[in-house]
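Colleague: Sequence first, predicted coordinates after that:
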Amino acid sequence: MGVMRGDAAVAAIGTALLLAAAPAGRGRAMDAASVLPALAAVPPGVLTGTTTATVVELADPLDPQTVLTRLRAAAASPGPLVVCLAGQLHLDRRQELPHLALARTTPATLRYTALPWHWLAGELGVRRPGTTTVVADLVADPDVWQRLTAVPELLHLGPGPLLYGRVTPAPRRGEPATPDYLRAWAELWRSGARLPHATLHAEAAAGTAPATAESRFLAPAPPPAAVVPDDPHPAILAAAMAGRHGEAAAVAAAWEHEALRRHGPHSPEAVHWTEVRADLARLAGEPARSCELWLAAAEARLALRQRPDDPDVEGAVDRAHHQWEQITDPARARALGPTLVTLRHRVPGRQPGALAALTRRMG
């Protein structure tokens, strides 16, 4: 459940999101929630480095959409954002993508009950560089651990967020692991010293490394010289085709954010990047997310007074319809169906019987 707390000072307002998640029962490889009391005892402003702060706490959440909603709300705040994350990673073998397990996650339901790691990248990547820090204490199942060895950038969150963390192999048997690395951050924060995040990471890593010799510690690389490509699309597509879906989503989200800033939310430039993200979701094997974004793009184009028979409008609705047909979660399909039906009435497209087929399937 979520708990919000904060104070009412007048300076910059920061936000801290404390997320501790692990499956219930025998699938629990980390006692993630055990770190929440230590983090909750840290003054909110110390967590974020601001005078005033709001803290959002999620302890063993059940549903990835709920987590996404809270994450999106936190990411929308303009001030500094610190995400403290404890939990366990599992690999979706079909997509080769890491997911953060939630309370109802099992190996058979991973794709529907866990939080895809690249959702984090997509939401946090739109934020202004230098305003977002993620502190993660994670255990990894054998597939994620092997994949992380082969692809060190597996947990990359894009160019904006700074990621500090520890990843250890999940214990094969016995007691669940404990988030000692994140607890060490909490203790340092509670000491009252406002140390740089790099120093906090080094102290926490030094204190926990001897107990977990196999740990991998994550820290930001020194920032390279800023290079803005003339056309980011080839690099985004290359990352997606190489399976680096989180990186691709984060870069696209950052360009969308820039388009929104420069041209406004009701602009062709902003709609274009929504469509790019919709196609990236398709490449990542997320038909529900792709459908949702194509629907948003179609509605935005209609709001720009494009005609219902405009090829771009028809294409957006057709792609939304196609992705909707790929959704295997009945609840998600039912949730998106009414919007799709409404759009199909306005944009019947050039495929005879598309609306009738959709109506029959909606039943």
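Modeller: Received, thanks.

Colleague: Test my guess that Asp137 contacts Leu163.
Modeller: No. Look at Asp137 against Leu163 with Cβ atoms under 8 Å: they stay out of range, at 11.9 Å. Where C-beta positions appear, they are placed from N, C-alpha and C, glycine not excepted.

Colleague: Tell me the helix or strand right after the worst-scoring helix or strand of the chain on mean pLDDT.
Modeller: Sorted by mean pLDDT, DSSP states H and E, the helices and strands of the chain end with strand 2-6, the least confident at a mean of 37. Counting by DSSP states H and E, the next helix or strand C-terminal to strand 2-6 is strand 13-20.

Colleague: hmm, back to that, Asp137 and Leu163: which is more packed in?
Modeller: The neighbour comparison of Asp137 against Leu163 (other Cβ atoms under 10 Å) goes to Asp137, with 29 against 22.

Colleague: That one looks like it's in a strand, true?
Modeller: Yes. When classified by DSSP: H, G, I helix; E, B strand; the rest coil, Asp137 is found to be part of a strand.

Colleague: show me what contacts the nearest residue to Ala41 once chain neighbours are set aside?
Modeller: Excluding its sequence neighbours, the residue lying closest to Ala41 (Cβ to Cβ, 6 or more residues apart in numbering) is Arg190, at 6.1 Å. By Cβ atoms under 8 Å, 6 or more residues apart in numbering, the contact list for Arg190 reads Ala38, Ala41, Val42, Val46.

Colleague: What residues of stretch 181-191 count as buried?
Modeller: Within stretch 181-191, the residues that count as buried by 16 or more other Cβ atoms under 10 Å are Tyr181, Leu182, Arg183, Ala184, Trp185, Ala186, Leu188, Trp189.

Colleague: quick one: the strands in the stretch 51-200 of the chain?
Modeller: Residue ranges of the strands in the stretch 51-200 of the chain, as given by DSSP state E, counting those that start in this stretch, are 52-59, 81-92, 97-100, 115-116, 132-140, 162-169.

Colleague: on contacts alone, who are the packing partners of the shortest one?
Modeller: Packed against strand 115-116 by the contact rule (3 or more Cβ pairs under 8 Å, 6 or more residues apart in numbering; DSSP states H and E) you find helix 64-75, strand 97-100.

Colleague: how about these in a markdown table, adding distance to Glu286?
Modeller: Output for the helices and strands packed on strand 115-116, formatted as a markdown table (distance: least, Cβ to Cβ, whole Å):
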| stretch | distance to Glu286 |
| --- | --- |
| helix 64-75 | 11 |
| strand 97-100 | 9 |
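
Colleague: wait, which of the ones you listed is closest to Arg261?
Modeller: Arg261 lies closest, by Cβ to Cβ, to one member of these: helix 64-75, at 15.1 Å.

Colleague: ok, back up a step: which one among the buried residues of stretch 181-191 gets closest to Ala354?
Modeller: Closest to Ala354, out of all of the buried residues of stretch 181-191 and judged by Cβ to Cβ, is Leu182, at 50.0 Å.
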